[in-house]
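Enquirer: no sequence for this one, just the structure:
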């Protein structure tokens, strides 16, 4: 299907476990982004990528790792999950150009017990 | 650092009434400005955006926004609200990365 998808949509894990959230887009957009959404904070940027093999930190990168070996995929890994990482995670993509719209995935709700 | 402020956490309006959601930004130059809407359990959908030129921009679903450089504001408006407009609204500014405001939750009374 065309668009941007995220998996899983819901995930429950335990403190200390590694978790990977997947993001896939079919538009060949150069830019991809990971945000977390928490009440009172809106969306905060975790990491972004301008192209395959190019990633950069956003506002709240600590505790997260990303990779981008292929243009269409941008997985986000929590190497050792903590309760403070309980959140809703959104992936987004856009084509080159700061004025271009970001398209968002449906989100992954992650709960860390 | 660029930042976005949405002063109103929650707004309630009656159906058919007018709506204005406030957004102020802090940035050295005029950034690209966006308004997104998020329905419960959904991702974000773009309502409208401003790059340059005409300071009044029209968007989808009957929304419009006005850019005021002197006030560093980009307020969202709608002349007559529908019950289906109940959602969370986010203002955002973009240079290389997007910064979002904390959001304004809109409740629509029948």
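Expert: Now that the structure is in, tell me what you want to look at. Please read all numbers here as calculations on a predicted model, not as lab measurements. Residues are numbered from 1 along each chain as shown, chains lettered A, B, ... in the order given.

Enquirer: could you check how far residue B:44 is from residue B:76?
Expert: Using CB to CB, to the nearest Å, residue B:44 is found at 14 Å from residue B:76. Just so you know, the C-beta spots here come from the backbone N, C-alpha and C atoms, and that holds for glycine as well.

Enquirer: hmm, I typed the wrong one, I wanted residue A:84.
Expert: 32 Å.

Enquirer: which of these two has more neighbours?
Expert: Neighbour count, other CB atoms under 10 Å in any protein chain shown: between residue A:84 and residue B:76, residue B:76 has more, with 24 against 10.

Enquirer: neighbours around residue B:82, how many?
Expert: For residue B:82, using other CB under 10 Å, the count is 12.

Enquirer: that one contacts residue B:15, correct?
Expert: Yes: here residue B:82 reaches residue B:15: they are 6.5 Å apart, a contact under CB atoms under 8 Å.

Enquirer: overlap of the contact sets of the two?
Expert: In terms of CB atoms under 8 Å, 6 or more residues apart in numbering or on different chains, residue B:82 and residue B:15 are both contacted by the residues residue B:108.

Enquirer: how close does the closest residue to residue B:18 other than its chain neighbours get to chain A?
Expert: Computed as CB to CB, 6 or more residues apart in numbering or on different chains, the closest residue to residue B:18 that is not its neighbour in sequence is residue B:79, at 5.4 Å. Here residue B:79 is placed at a distance of 24 Å from chain A (CB to the nearest CB, to the nearest Å).

Enquirer: and residue B:79, backbone torsions?
Expert: Per-residue torsions, residue B:79: phi -70, psi -30 (degrees, to the nearest 10).

Enquirer: surely it meets residue B:16?
Expert: No: judged on CB under 8 Å, residue B:79 makes no contact with residue B:16 at a distance of 9.6 Å.
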